[in-house]
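this one's sequence-less:
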């Protein structure tokens, strides 16, 4: 039996069982969004393909769930949620009203409204049955709400572990310490090294523009070294003579700045053994190497930076460009060892390589390494964790943390 089913928001749908299911979906969508449209056509559809039909329905709902516009806080959601009377206004939003559109990531409107399209999902801390790694969330600073997620692998009570303080990426405006991709990644890293992980949940821009992320991360690092021990896991299992900083993308930027700051804080008891920068987020006015010189692309990056750091002096702000005369000397990195990882297809790989070269040229007394993953994209190991390249990346990290 051939059936043709068509669903367009506000129009008729196919009749029969399939039409009924699509009608229900239409009503759900109309109740939860005034701006999201779905158009589906099934032609020459066989009744025997019921499983295929259900699969398509799942894809529709999954797409809708992922693409729904989400605000960064409950207050924002309450204030911006469209009422029935405002439906026409919201549905009539036009493309020219968008200031920055990063498809699949975020959208900034000219009226200042910021919408996250990724990185809002949060996974609860718990015991991971596959790795045996336990995790928990700890409030670090009640006044700011800064917290950390701790990961503890199964080890004997007498064994002391290296401590990794980790800063997630997301251009300073996306993701969290509870994000599923980071929860999985740090579970794996804690298990395979093994080490005690402190993942920092710093506040995000644009609601909390820079330098908030730096200050929140510094607060968390000082908390790790505070006396008496801030948490029983750190007291029982943490070896504070082997503390590492690590981060990916914007998180690598944070790790870099904290390493520079840490050099002057050794008298306060902060001692950093090593720093791992994964596909670091650095930029500048002038292209480096084969970096794109396309003015539209560079303008896009500059606008994102302006969004997260409103008081910036521009792309050569020393917080974004560590190679300027105003930036602190890389010779002052407060650690003994450094590993910079880059990816061949990453648009920022040239910045990572330049960072490594300039550290070597600076006269810094530590040991620096650079590793480039061929045929790989920015933070590929987070989005494709089951690939051979991701496994190779994890082994590289494990060797760095365990090296004497």
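Thanks, I have the structure now. Since we're looking at a predicted model, the values are computed, not measured.

Model confidence score at residue 75, please.
Looking at residue 75, its pLDDT is 38.

next one: residue 100
Confidence score, pLDDT, at residue 100: 87.

ditto for residue 262
pLDDT for residue 262: 79.

Quick one, grab the pLDDT at the residue lying closest to it once chain neighbours are set aside.
In this structure, residue 262 finds its nearest non-sequential neighbour in residue 334, 3.5 Å apart by C-beta to C-beta, 6 or more residues apart in numbering. Bear in mind the C-beta positions are built from the backbone N, C-alpha and C, glycine included. As predicted, residue 334 sits at a pLDDT of 95.

can you check residue 158 too?
pLDDT for residue 158: 88.

do the same with the one 10 residues further on
Model confidence at residue 168, expressed as pLDDT, equals 99.

roughly how far apart are it and residue 118?
For residue 168, the distance to residue 118 (C-beta to C-beta, to the nearest Å) stands at 13 Å.

what do these two both touch?
residue 175 (C-beta atoms under 8 Å, 6 or more residues apart in numbering).

Which one's more surrounded, those two?
Set residue 168 next to residue 118 and count neighbours by other C-beta atoms under 10 Å: residue 168 wins out with 27 against 16.

Now do the contacts for the more buried one.
Counting by C-beta under 8 Å, 6+ apart, residue 168 touches 175-177, 179, 182, 199-200, 247-248, 251.

let's see it at 7 Å
Residues in contact with residue 168 (C-beta atoms under 7 Å, 6 or more residues apart in numbering) are 175-177, 179, 182, 199, 251.

Out of the residues you listed, list just those in strands.
residue 199 (DSSP state E).

Same list, the contacts of residue 168, but as a markdown table with neighbour count and pLDDT please.
A markdown table is the format used below for the contacts of residue 168 (neighbours: other C-beta atoms under 10 Å; pLDDT from 0 to 100):
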| residue | neighbour count | pLDDT |
| --- | --- | --- |
| 175 | 26 | 99 |
| 176 | 22 | 99 |
| 177 | 24 | 99 |
| 179 | 23 | 99 |
| 182 | 24 | 99 |
| 199 | 30 | 99 |
| 251 | 30 | 99 |
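
Remind me which helix or strand residue 223 belongs to.
According to DSSP states H and E, residue 223 maps onto helix 212-224.

Name the nearest residue to residue 239, ignoring sequence neighbours.
residue 160 (4.0 Å).

Isn't that neighbour up against residue 236?
No - at 8.7 Å, residue 160 does not count as touching residue 236 under the criterion of C-beta atoms under 7 Å.

For the nearest residue to residue 197 once chain neighbours are set aside, give me its contacts.
Among residues not flanking residue 197 along the chain, residue 151 sits closest, at 3.9 Å (C-beta to C-beta, 6+ apart). By C-beta under 7 Å, 6+ apart, residue 151 lies in contact with 133, 135, 186-187, 190, 197.

ok, now residue 188?
131, 394.

Now do the buried residues in the strand or helix carrying it.
Per DSSP H and E, residue 188 falls inside helix 180-192. Within helix 180-192, the residues that count as buried by 16 or more other C-beta atoms under 10 Å are 181-192.

who's residue 135 bridged to?
In this entry, residue 135 is beta-bridged to residue 151, by DSSP bridges.

show me what contacts it?
Contacts for residue 135 (C-beta under 7 Å, 6+ apart) come out as 125-126, 149-151.

Buried members of those into ChimeraX, please.
To isolate in ChimeraX the members of the contacts of residue 135 that are buried, counting by 16+ other C-beta under 10 Å, one can use:
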select :125,149,150,151
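
Of the contacts of residue 135, which pair is most distant in space?
Within these, 126 and 150 form the most distant pair, 12.2 Å apart (C-beta to C-beta).

Now residue 125: closest residue in space, sequence neighbours ignored.
Here the residue nearest residue 125, using C-beta to C-beta, 6+ apart, is residue 135, at 4.1 Å.

Check the gap between that neighbour and residue 401 for me.
Computed with C-beta to C-beta, the distance linking residue 135 and residue 401 is 18 Å.

for residue 163, same thing?
10 Å.

Equivalent analysis for residue 344, please.
Distance, residue 344 to residue 401, using C-beta to C-beta: 24 Å.

How about residue 365?
Distance, residue 365 to residue 401, by C-beta to C-beta: 21 Å.

quick one, which of those two is more surrounded?
Neighbour totals were compared for residue 365 and residue 401, and residue 401 leads with 23 against 8 (other C-beta under 10 Å).

helix, strand or coil for the more buried one?
In three-state terms, and counting by DSSP: H, G, I helix; E, B strand; the rest coil, residue 401 is helix.

Skip the chain neighbours and tell me the closest residue to it.
residue 193 (5.1 Å).
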